[in-house]
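> Structure, please.
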Amino acid sequence: MTWIETIEVAAATGRLKKSYGAALGRAGRVAGIVRAMSQMPAVLDASMGLYQRVMFAKTGLARHQRELIAVVVSRVNDCHY
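Numbering: from 1, shown residues only. Just a heads-up that it's a prediction; the model follows:
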């Protein structure tokens with residue numbers, strides 16, 4: 001049980017509903033990290049925009065290298081995301 005009050009997918013409206021729809025389209029579900037930002041849809045959208053720009057950049061590291069770095073950092077931080 002989280003201590004952050006989140007908005008469930010079925011209760012989402014407006015901008016949040018659109019953001020949740022995008023998450024469902026990408027991953028088939030709305031992950032907890034996305035729901036954790038549900039009270040502030042503008043922050044959620046900015047966070048996802050940054051993530052997508054970093055992970056899908058055409059220059060620098062390959063996508064699999066970026067994913068590997070994310071996995072290692074998450075593991076070091078004991079974060080299951």
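> For the rest of this, base every contact and every neighbour count on C-alpha atoms.
Will do.
> Tell me the secondary structure at the residue nearest the centre of the chain.
Geometric centre of the chain, nearest residue: Val34, 4.6 Å, by CA atoms, centre = their mean. Here Val34 is recorded as helix under DSSP: H, G, I helix; E, B strand; the rest coil.
> Show the model's pLDDT score for it.
Per-residue pLDDT puts Val34 at 95.
> Then Thr2?
pLDDT at Thr2 comes out at 57.
> next one: Leu44
So, for Leu44, pLDDT stands at 97.
> wait, the residue nearest to the centre of the chain sits on Ala42?
No - assessed by CA atoms under 8 Å, Val34 is found out of contact with Ala42, at 11.9 Å.
> ok, the residue nearest to the centre of the chain - contacts?
Residues counted as contacts of Val34 (CA atoms under 8 Å, 6 or more residues apart in numbering) are 20, 44.
> how about a cut-off of 10 Å?
By CA atoms under 10 Å, 6 or more residues apart in numbering, Val34 lies in contact with 6, 19-20, 23, 41, 44-45, 47-48.
> what does Ala62 give?
Contacts of Ala62 by CA under 10 Å, 6+ apart are 55-56, 68.
> Drop anything exposed from those.
Buried by 16 or more other CA atoms under 10 Å: Met55, out of those.
> Among the contacts of Ala62, which are located in helices?
Members of the contacts of Ala62 lying in helices (criterion: DSSP state H): 55, 68.
> List just the nearest of the contacts of Ala62 to Asp78.
Using CA to CA, Leu68 comes nearest to Asp78 of these, at 15.1 Å.
> Would you mind measuring from the closest one to Gly49?
20 Å (CA to CA, to the nearest Å).
> C-alpha coordinates for stretch 15-27, PDB please?
In PDB, the C-alpha atoms belonging to stretch 15-27 read as follows (Å, rounded to 0.1, in the frame of the first residue of the first chain):
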ATOM      1  CA  ARG A  15      -4.900  15.400 -19.200                       C
ATOM      2  CA  LEU A  16      -4.300  12.500 -16.800                       C
ATOM      3  CA  LYS A  17      -6.600  10.200 -18.700                       C
ATOM      4  CA  LYS A  18      -4.700  11.000 -21.900                       C
ATOM      5  CA  SER A  19      -1.400  10.300 -20.100                       C
ATOM      6  CA  TYR A  20      -2.700   7.100 -18.700                       C
ATOM      7  CA  GLY A  21      -3.900   6.100 -22.200                       C
ATOM      8  CA  ALA A  22      -0.400   6.800 -23.600                       C
ATOM      9  CA  ALA A  23       1.100   4.600 -20.800                       C
ATOM     10  CA  LEU A  24      -1.400   1.800 -21.600                       C
ATOM     11  CA  GLY A  25      -0.400   2.100 -25.300                       C
ATOM     12  CA  ARG A  26       3.300   1.900 -24.500                       C
ATOM     13  CA  ALA A  27       3.300  -0.800 -21.900                       C
END
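> Much appreciated, bye for now.
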